[in-house]
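**Q** What follows is a predicted protein model with its sequence.
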Amino acid sequence: ELLQILRPVAGVRRNPQLASLAAVVLNHALSEVEEWPVELAVAFLEDAFGLRVWVEQDQCKQFVANLLTAFPAHKQKAKADAPGEHDTAMEVDVEESDTP
């Protein structure tokens, strides 16, 4: 199973090329699917906070970009970066006062 290739196994060194191939195949296979399995986000987090076997590979950039859309902070950034869209974050003016 391709997902298992992306997931770390204790004491087993993973092949970065095989993991990259699995990511590219999954990205292509799921390109028309609107909601991806949660297990893919878990595999991403495990690798991102672990040995980073595949998350930093050039071949995986599109796959990683698609996975990042599952996280709220990325959704807010994408919305703010969209042309014609305005960031909905509240701006607070901080005035300096003379009192301590």
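**A** Thanks, I have the structure now.
**Q** Test my guess that V64 contacts F44.
**A** Yes: proximity of V64 to F44 meets the contact threshold set by CB atoms under 8 Å, at 6.9 Å. Using the backbone N, CA and C atoms, a C-beta is placed for each residue, glycine as well.
**Q** Mind telling me what element the residue nearest to R7 when sequence neighbours are not counted is part of?
**A** Leaving aside its sequence neighbours, R7 sits nearest to A43 (CB to CB, 6 or more residues apart in numbering; 5.0 Å). Secondary structure here is read from DSSP states H and E; on that basis A43 sits in helix 38-48.
**Q** just L26 next, same as before
**A** With elements delineated by DSSP H and E, L26 resides in helix 16-29, which encompasses its position.
**Q** Report the mean confidence score over that helix.
**A** Confidence for helix 16-29, expressed as mean pLDDT, is 97.
**Q** just to revisit the earlier point, could you list every residue that touches the residue nearest to R7?
**A** The contact partners of A43, by CB atoms under 8 Å, 6 or more residues apart in numbering, come to 3, 6-7.
**Q** Tell me the most packed of those residues, by neighbour count.
**A** Ranked by neighbour count under the definition other CB atoms under 10 Å, those are headed by L6 with 26 neighbours.
**Q** got the contact list for that residue?
**A** Under the criterion of CB under 8 Å, 6+ apart, the contact list for L6 reads 19, 22-23, 26, 40, 43-44, 47, 54.
**Q** Next: Q57.
**A** 16, 19-20, 23.
**Q** joint contacts of V64 and F44?
**A** Taking CB under 8 Å, 6+ apart as the contact definition, V64 and F44 share the neighbouring residues V55.
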